[in-house]
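Novice: quick one, what's the 3D model for this:
(chains A and B)
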Number of protein chains: 2
Amino acid sequence: MALVVIGGVAAGLSAAARARRIDARLEILVLEKGPVISYGACGLPYYVEGLVRDSRQLIVYTPEYFRKERNIEVRTGARVVSISHPRRELALESGERVAYDRLVIATGARCDHAAIAGASLPHVFTLHTIEDAERMRRFIEEKRPNHAVVVGAGYIGMEAADALRRNGVRVTVVEGSRHALLRDDDEFTAAVVRQLEAHRVEVRLGTRIHSLEPDRAGDIPCDMVVLAAGLRPNTELAAHAGIELGRTGAIATDERMETNLRGVFAAGDCAETTHVVTGRPAWIPLGTTANKTGRVAGANAAGARSRFPGVAGTSIVGIFGMGFATTGLSVAEARREGFTPVAARIEALGRPRYHGGTKTTVELIADRATRRILGGSAIGEDGAGGRINVIATAVQARMRVDEFEQLDLAYSPPFATVWDPLLVAAQQLMKEL
Amino acid sequence: MALVVIGGVAAGLSAAARARRIDARLEILVLEKGPVISYGACGLPYYVEGLVRDSRQLIVYTPEYFRKERNIEVRTGARVVSISHPRRELALESGERVAYDRLVIATGARCDHAAIAGASLPHVFTLHTIEDAERMRRFIEEKRPNHAVVVGAGYIGMEAADALRRNGVRVTVVEGSRHALLRDDDEFTAAVVRQLEAHRVEVRLGTRIHSLEPDRAGDIPCDMVVLAAGLRPNTELAAHAGIELGRTGAIATDERMETNLRGVFAAGDCAETTHVVTGRPAWIPLGTTANKTGRVAGANAAGARSRFPGVAGTSIVGIFGMGFATTGLSVAEARREGFTPVAARIEALGRPRYHGGTKTTVELIADRATRRILGGSAIGEDGAGGRINVIATAVQARMRVDEFEQLDLAYSPPFATVWDPLLVAAQQLMKEL
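Specialist: Presented below is the predicted three-dimensional model:
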């Protein structure tokens, strides 16, 4: 039995490692198109910032490690160009053919810049791979740009803006939609914009850039551009092989992460999952989900039975020291999904002032009919991660706001207030329902 | 209709305020034996430390505030000495009698030092009231003690040790049991002891102090003593009035916080509640529970219907910058309660090293038969509070470890690792089960 994994970053390597744990004798081969594997893609902005000094610090494992310690063969620079499932065979760019019994597709995602003229100019960057980050870091050091335009106010865009600002670069963020961080929530977006503007980042929402020139992006003068919008799953290889895509455009999978082709699994940013609130397909590409779905795909590919229950879409991003976190559905999403959402948004101290407490904003959303928690958000200089995780846990447990209000949360002045902002939000929500 | 509340701190004032919200016309009287009301008792150690400069900063509301803003009468220096329920009447120490229709008993708890000779010497302190803290602060400033013995390694003892050490006082902590922080868990206790010793606090477990003298506590030379052991609910007043106590020794209540006497409620540190894991009575006196049970008692006393589902026993204490947090049952407690507990304890980075991540310890405990999460602990320089709250939420949702392992928790390098220590613990626990 041979398992082949396409993709050597989070999902692919999780799949390979998990498969090895389940079957010590399985032949496992990982094919990675790039020159390195196993890098912490989420750490790239911190390398650009300069906080991570050496890009090698972001590499968790080498191919040698996998070969020696896990008996997993890893080939870099090995780009797969086609899959012939009837023959259980892949073709590489080099012309070489590779046979498989089971296949895990972990081809990731990329920013689609087809609509932007000039995207390949030398002062234009993306931030997906370690080479992208190295090229950007070198450009900052050598060219000392004055003004960068960041296209896209998603996580990568925000982190890039933060990293560039800390390098003394003037930054303008341009976002096509009316919302930041992919959350269609006006107040949440307003808080993001306030934080950016407080750190002298200019923000233009509802603005699209169609062309880049050496000295400007659209009508904005600049000498550097970061493209961080239009993320799309890499599905071409799968689609050409007859693998079905879902309504989100990503590869459709069942709860075992198996595609419509038996023995072919998909995981990570190229794959669709289920949203735990709606029960419907969702495509929310994040590192956490890549690792988890990779693990499940690898287990099943090796003959175990493992199930991925889905995602709540929990995420957090740090913007100049402030955490912006969301989970579950926004009010607008909940309405579109047929719920009758009721929300409470409160501001409260995260801990007493004498312990350095600052304002924390918590939004909690429940369904009017069932009183079930549908989602929420947390914004704060500290504790936003812990608080969003409590909401995420409640969402996944299908908890009602009545139970949430009674949560026995930890309190002590260095850590929290006696009525945690989460409970203040729940009390407010109880009044609204 | 007249509601009388005995006790003007967390539980009593929560009850009074909640009752007012429910019934604008109810006559409400709060009787507090001490000279001030509404102080943050949990903040007292930080006043002793010197972080809180003025003890008035710990007072949230004054009697005048309640009178003017809430139409609630508050009397300080009003000690209730007996309750005659057949007559619906209280007697004060002054001889005055006060009539009630509904009564909320929120008499709190105190350290019982009957077994310790010399407990009233001038260099001996407790840390329950604002006067206690003021006296201790004055003593530190005026007498400049060299060596303090703290009797009791519970929350107050730990916080007192921390506060004294930061004032340059040598500290020895003496604890009668074999465990710190009331958690019968050897490894958790070992971590507490390591942290204390790393900050040059001497610790003696399994040691009881029977007598205090001006220059020593038992056989330990010292010039200051803090008594922080033997906490007992103040139930004498209730017991004499024919109110039943539970098996924990605290006032027995139903889920409406009503005692066996109709119209008489109990809340806060004097009252028993239900443990959400065991479903059995528990007495876990904490500020969070005091506020919540006060709120429920006040609502019901005012004629609403409100229910308190119980506690998970979630708590956190900061010891020299490290958070020690627990929730639910320990392995030993779970075993005593008839479960077959299985535990996993892991150590992992709370966030990447380049973002200042340090080791976090997480213990997760589940029942072998049902796989339900029974409790856990978290220790770390940051994030211990957020992590224990996730476990507490899972405990209260009766979540199984299989679901817990799949929690969609927030990740981004400034806040967490891609596999949060909580999930690493859950994966380990899945292997053990």
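
Novice: so the spatially most central residue of chain A versus residue B:115, what's the distance?
Specialist: In chain A, the centroid-proximal residue (C-alpha atoms, centre = their mean) is residue A:286; its distance is 2.4 Å. Distance, residue A:286 to residue B:115, using C-beta to C-beta, to the nearest Å: 57 Å. Any C-beta I mention is one placed from the backbone N, CA and C, and that applies to glycine too.

Novice: same check, this time on residue A:197
Specialist: For residue A:197 relative to residue B:115 (C-beta to C-beta), the value is 63 Å.

Novice: residue of the stretch 251-400 of chain A nearest chain B, please.
Specialist: residue A:386 (1.6 Å; C-beta to the nearest C-beta).

Novice: quick one: secondary structure of that residue?
Specialist: helix (DSSP: H, G, I helix; E, B strand; the rest coil).

Novice: show me what contacts the closest residue to it other than its chain neighbours?
Specialist: Setting aside the residues directly before and after it, residue A:386 is nearest to residue B:386 in space (C-beta to C-beta, 6 or more residues apart in numbering or on different chains), at 1.6 Å. Going by C-beta atoms under 8 Å, 6 or more residues apart in numbering or on different chains, residue B:386 touches A:383, A:385-387, A:389-390.

Novice: before we move on, what about residue A:121?
Specialist: A:212-214, A:225.

Novice: most neighbours, which of these?
Specialist: residue A:225 (27 neighbours; other C-beta atoms under 10 Å in any protein chain shown).

Novice: which is the next helix or strand following the helix or strand in which that one is found?
Specialist: When elements are assigned from DSSP states H and E, residue A:225 belongs to strand A:224-227. Sequence-wise, the next helix or strand downstream of strand A:224-227 (DSSP H and E) is strand A:231-233.

Novice: after that next one, which helix or strand is next? Please name it.
Specialist: Next in line after strand A:231-233, if elements are assigned by DSSP H and E, sits helix A:236-240.

Novice: and the spatially closest residue to residue A:274 that is not a sequence neighbour, what pLDDT?
Specialist: Excluding the flanking residues, the one nearest residue A:274 by C-beta to C-beta, 6+ apart is residue A:310, at 3.6 Å. Looking at residue A:310, its pLDDT is 97.

Novice: equivalent analysis for residue A:38, please.
Specialist: For residue A:38, pLDDT reads 82.

Novice: again with residue A:111
Specialist: Residue A:111 is given a pLDDT of 88.

Novice: tell me who's in contact with it.
Specialist: A:126, A:128, A:152, A:227-232.

Novice: redo that, cut-off 7 Å
Specialist: Residues in contact with residue A:111 (C-beta atoms under 7 Å, 6 or more residues apart in numbering or on different chains) are A:126, A:227-231.

Novice: same thing with residue A:285?
Specialist: A:109, A:231, A:269.

Novice: the first one - how many residues pack around it?
Specialist: Same thing as residue A:109. Residue A:109 has 19 nearby residues by other C-beta under 10 Å.

Novice: find the nearest non-adjacent residue to it, please.
Specialist: The nearest residue in space to residue A:109 (C-beta to C-beta, 6+ apart) is residue A:269, at 3.8 Å.

Novice: got phi/psi on that neighbour?
Specialist: Taking degrees, to the nearest 10, you get phi -70, psi -10 for the backbone angles of residue A:269.

Novice: neighbours around residue A:381, how many?
Specialist: The burial count for residue A:381: 16, using other C-beta under 10 Å.

Novice: tell me the domain ranges of chain A?
Specialist: Under automatic domain parsing, the residue ranges defining each domain of chain A are A:2-39+A:57-108+A:233-301, A:124-229, A:323-432.

Novice: so how far is chain B from residue A:144?
Specialist: 24 Å (C-beta to the nearest C-beta, to the nearest Å).

Novice: so where is chain A shaky, pLDDT-wise?
Specialist: Of all residues in chain A, none has pLDDT under 70.

Novice: helices of that one, residue ranges please.
Specialist: A:10-22, A:44-49, A:63-70, A:130-143, A:155-165, A:186-198, A:236-240, A:287-301, A:331-336, A:384-396, A:401-404, A:421-432 (DSSP state H).

Novice: got the contact list for the second one?
Specialist: Right, the one you point to is helix A:44-49. A:52, A:55, A:58, A:127, A:130, A:133, A:136-137, A:159-160, A:163, A:166-167, B:354, B:413.

Novice: which pair of the residues you listed spans the longest distance?
Specialist: A:130 and A:166 (19.8 Å; C-beta to C-beta).

Novice: neighbour count for these two, which is higher?
Specialist: Neighbour count, other C-beta under 10 Å: between residue A:130 and residue A:166, residue A:130 has more, with 22 against 15.

Novice: how many neighbours does the closest residue in space to the more buried one that isn't next to it in sequence have?
Specialist: Nearest residue to residue A:130, sequence neighbours excluded (C-beta to C-beta, 6+ apart): residue A:39, at 4.8 Å. Neighbour count of residue A:39, defined by other C-beta under 10 Å: 24.

Novice: for residue A:39, which residues are in contact?
Specialist: Going by C-beta under 7 Å, 6+ apart, the list of residues near residue A:39 reads A:9, A:58-59, A:130.

Novice: can you add distance to residue B:297 and give those residues back as a markdown table?
Specialist: A markdown table is the format used below for the contacts of residue A:39 (distance: C-beta to C-beta, whole Å):
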| residue | distance to residue B:297 |
| --- | --- |
| A:9 | 55 |
| A:58 | 55 |
| A:59 | 58 |
| A:130 | 59 |
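
Novice: so what's the spatially closest residue to residue A:213 that is not a sequence neighbour up against?
Specialist: Using C-beta to C-beta, 6+ apart and skipping residues adjacent in sequence, the residue nearest residue A:213 is residue A:118, 6.0 Å away. Counting by C-beta under 7 Å, 6+ apart, residue A:118 makes contact with A:124, A:211-213.

Novice: can you name the two of the residues you listed that are farthest apart?
Specialist: Most distant of the contacts of residue A:118, by C-beta to C-beta, are A:124 and A:211, 11.2 Å apart.

Novice: neighbour count for these two, which is higher?
Specialist: Ranked by neighbour count (other C-beta under 10 Å), residue A:124 and residue A:211 place residue A:124 first, with 19 against 13.

Novice: the residue nearest to the more buried one when sequence neighbours are not counted pairs with what?
Specialist: Once flanking residues are discounted, residue A:124 sits nearest to residue A:225: 4.5 Å by C-beta to C-beta, 6+ apart. Taking DSSP bridges as the rule, residue A:225 bridges to residue A:124, residue A:149.

Novice: now swap in residue A:220 and tell me
Specialist: residue A:217.

Novice: quick one, strands of the stretch 301-433 of chain A?
Specialist: A:315-319, A:322-328, A:341-349, A:359-367, A:373-380 (DSSP state E, counting those that start in this stretch).

Novice: tell me the most buried of these?
Specialist: strand A:373-380 (a mean of 28; mean count of other C-beta atoms under 10 Å in any protein chain shown).

Novice: run the chain-centre distance for that one.
Specialist: 17 Å (C-alpha atoms, centre = their mean, to the nearest Å).

Novice: quick check: neighbours of it in the sheet, parallel or antiparallel?
Specialist: strand A:322-328 (antiparallel), strand A:359-367 (antiparallel).

Novice: by how many degrees do it and helix A:421-432 diverge?
Specialist: 130 degrees (axes from the mean of the first three to the mean of the last three C-alpha atoms, to 10 degrees).

Novice: give me the contacts around strand A:373-380.
Specialist: Under C-beta under 7 Å, 6+ apart, the answer for strand A:373-380 is A:188, A:191, A:277, A:322-330, A:334, A:339, A:341, A:350, A:358, A:360-367, A:384, A:387-388, A:391, A:394-395, A:399, A:401, A:404.

Novice: kindly recompute the last result at 6 Å.
Specialist: A:188, A:191, A:277, A:323-329, A:334, A:341, A:350, A:360-367, A:384, A:387-388, A:391, A:394-395, A:399, A:401, A:404 (C-beta atoms under 6 Å, 6 or more residues apart in numbering or on different chains).
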